[in-house]
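Student: Next comes the sequence, and after it the predicted model I'd like to discuss.
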Amino acid sequence: MIASISAEELSYSHSNAKIDTKASLLNGIATANYKWTSLEYKDPTIRVVGPAAIVRFNFVGEQEFTDGKKTPQNLHILMNWQKQGNDWKLLSRAATKL
């Protein structure tokens, strides 16, 4: 699903400063060594500005790795979406640890 909603020009920034392109993000998802055991989106805001949308929310969850290690996540997410034809596409994403 992420492939169909992501722009070809996607810039996806993680809270550890790693930056993915669309291709590297899809590869990372396909080869991930963890699963999400909980995930919640809190306090979302959406602001549409012409053919763009600014989306912010807090991302709270827990990852469990194949070795059994669990890692909590508490992030602030900023996404920029762009209207491309009739569809909204994720153009960029940045995460900041809280």
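Tutor: Okay, I see it. Nothing here was measured: the structure is a model prediction, and the numbers come from that model. Numbering: from 1, shown residues only.
Student: Could you list every helix and strand in contact with the worst-scoring helix or strand of the chain on mean pLDDT?
Tutor: When the helices and strands of the chain are scored by mean pLDDT, DSSP states H and E, helix 2-5 comes last with a mean of 90. Contacts defined by 3 or more Cβ pairs under 8 Å, 6 or more residues apart in numbering; DSSP states H and E place helix 2-5 against helix 22-30, strand 87-97. Glycine gets a C-beta too; all of them are placed from N, C-alpha and C.
Student: now the angle from the last one to helix 22-30?
Tutor: Note on geometry: by axes from the mean of the first three to the mean of the last three Cα atoms, to 10 degrees, strand 87-97 and helix 22-30 are set 70 degrees apart in direction.
Student: Buried residues of strand 87-97, list them for me.
Tutor: 88-95 (16 or more other Cβ atoms under 10 Å).
Student: same question, the first one
Tutor: Of the residues in helix 22-30, those buried by neighbour count under the rule 16+ other Cβ under 10 Å are 22, 25.
Student: Run through who's touching that helix.
Tutor: For helix 22-30, contacts defined as Cβ atoms under 8 Å, 6 or more residues apart in numbering pick out 2-3, 6-10, 12, 20.
Student: Out of those residues, which is nearest to residue 56?
Tutor: residue 12 (15.8 Å; Cβ to Cβ).
Student: What about that closest one, how many residues nearby?
Tutor: 21 (other Cβ atoms under 10 Å).
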